[in-house]
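Asks: Requesting a structural model of the entry that follows:
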Amino acid sequence: MSTKTNKMTNYRWIICAMLFLATTVNYMDRQVLSLTWKDFIALDFHWSDADYGFITAAFSIFYAFISLFAGKFIDWTGTKKGYIWAIVIWSIGACLHAGCGILTMSLTNIPDEETLRAVKAGTDLALTISTISVWLFLACRIVLATGEAGNFPAAIKVTAEYFPKKDRALATSIFNAGASVGALAAPLTIPILAEAMGWEMAFIIIGGIGFIWAIFWAVLYNKPSESSHVNATELAYIQQDNNAPVTEAKTTASTREQANDNLEIPFIKCFTYRQTWAFIVGKLLTDGVWWFFLFWAPAYFSELGYKSSDPMGQALIFVLYLIVTVVSIGGGYLPKYFVEKRGMEPYSGRMIAMLIFAFFPIFAMFAQPLAGTSVWWPCIIIGLAGAGHQSWSANLYSTIGDMFPKSAIASITGIGTMFGGLCSFAINWGSGLLFTHAEQQGEAFQFFGVTGKPAGYMIVFCYCAVAYLIAWALMKMLVPKYKPITK
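Replies: Numbers count the residues shown, from 1 in each chain. Model (predicted):
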């Protein structure tokens, strides 16, 4: 360590800021398609809701598949190299989207974009264009998913390396807020870029940011014990779970946890622990809710008459994610309060916090009925539901560090993320098919007094409303109380 002063350095928050920026870039890259497909790309390629739903669902299933191995890859390479590989790959994938238009026109012998848009909908040529473009975009989404799958396993592992257990939910909520900030910044930048420079440049400019981040990460990151920016006082604070037992019983537990901190758990054996399945359930039932809001909110507001390219449409998305960002950061502080003020151990404090946040999405079932009163009602309601998810997610991720050794954290994160991707696959593909079917059926399609495509949205909102409470109950059944993995 380079400094000899007893005053604690705070380099861990610089690292947390880097995680925040990476997650922001991650979600902006993911949002480019959702903010351009309805009002820009679909006009070129004659896409339907089902086409877009297929692309997002396929992205989700591939993301899920890669996530199963991404965590193990991060554990194997370490957080420094692994994170660089992840963000470089997903940035390449993001930029590749820009070439889909040129390649589609080349394969269909269409000379320019004006001719492409002039093709009559419903013709064989229009079907050929939509089919080719969908598969080209899907290929790019696969590259994007391959890199993005490494973000959360790496970020959660870094958080466990740089923060004591009582601070991990707060640190996780801060970097996880990058998802909300990315979604917040996206409607203020991406439609404007697409309008001014074409949707292709939106992919290239946003995608290129990741390469810059990778350079800074290579320069700034080392493990706390190896970093010249972390002094002895901060290192002791980071490692306090091992160094500050309170009672004889806790001393024994602390010593045991320290001895097991580098315990190597074979990948297959991870599936034999109830703690793993508790995390899986928490992801499987809820991740798709967030991804549905992320991928479909712009299209939903467009259905209500407010396109993402219009100021009002941009304002709606901005306010939605502003609510998510502000509320969710506070969500990371709640377990810290339970631990420091109420004397709870971290896992119990986290589970109580998660139960509180599980009630937030219940409001989602009122989004569609209130949409006829004012478009701001679904905006606020979806924002609160999204904030509940992000707060839930920050605490859910932190339960891994509570119960698993650091050597296995990225692997467990990857496993859970895979199952979360399966939920996203089901919701996004199902939503696309549901919305197309509901629109075709018109008044004949009804649900809770709502008809047509709005009834389709009502069905999905109702699932979003109850998913978290069901997930919490199942998690509590699997792991009723704090039980760390020791062998």
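
Asks: Against K7, how distant is the nearest residue in space to I66 that is not next to it in sequence?
Replies: In this structure, I66 finds its nearest non-sequential neighbour in A149, 4.1 Å apart by C-beta to C-beta, 6 or more residues apart in numbering. Placement of C-beta: from N, CA and C, glycine included. Applying C-beta to C-beta, to the nearest Å, the value for A149 to K7 is 39 Å.

Asks: Name the residue in the two with the higher neighbour count.
Replies: Per other C-beta atoms under 10 Å, whichever of A149 and K7 has more neighbours is A149, with 29 against 9.

Asks: Just the pLDDT for the residue nearest to I66.
Replies: With respect to pLDDT, A149 has a value of 88.

Asks: now swap in the one 3 residues further on and tell me
Replies: With respect to pLDDT, F152 has a value of 85.

Asks: So it sits against I415, correct?
Replies: No. Counting by C-beta atoms under 8 Å, F152 does not reach I415; the two are 11.6 Å apart.

Asks: Give the residue from the two that has the larger number of neighbours.
Replies: F152 (30 against 27).

Asks: Which element, helix or strand, includes that one?
Replies: Assigning secondary structure by DSSP states H and E places F152 in helix 151-162.

Asks: Can you check the distance spanned by stretch 350-367, start to finish?
Replies: One end of stretch 350-367 sits 28 Å from the other (C-alpha to C-alpha, to the nearest Å).

Asks: Renumber starting at 39 from here on
Replies: Sure, I'll start counting at 39 from here, so that last one is stretch 388-405.

Asks: Which residues does that stretch contact?
Replies: Contact with stretch 388-405 is made by 207, 327, 369, 372-373, 376, 382, 415-416, 419-420, 422-423, 425-427, 429-430, 433-434, 436-437, 440, 495-496, 499-500, 502-507, 509-510, 513-514, as judged by C-beta atoms under 8 Å, 6 or more residues apart in numbering.

Asks: ok, A353 - how many residues close by?
Replies: Residues within reach of A353, counting by other C-beta under 10 Å, total 16.

Asks: Which secondary structure state is assigned to it?
Replies: Under DSSP: H, G, I helix; E, B strand; the rest coil, the three-state class of A353 is helix.

Asks: Can you tell me how far it is from A95?
Replies: For A353, the distance to A95 - C-beta to C-beta - is 29 Å.

Asks: do V172 as well
Replies: Counting by C-beta to C-beta - V172 and A95 are separated by 12 Å.

Asks: do the same with W237
Replies: For W237, the distance to A95 - C-beta to C-beta - is 21 Å.

Asks: again, but for A209
Replies: Taking C-beta to C-beta, one finds A209 at 32 Å from A95.

Asks: More neighbours: which of these two?
Replies: Between A209 and A95, counted using other C-beta under 10 Å, A209 has the larger neighbour count: 26 against 23.

Asks: give the contact list for the residue nearest to I104.
Replies: Applying C-beta under 8 Å, 6+ apart, the residues near A187 are 101, 104-105, 108, 124, 452, 455.
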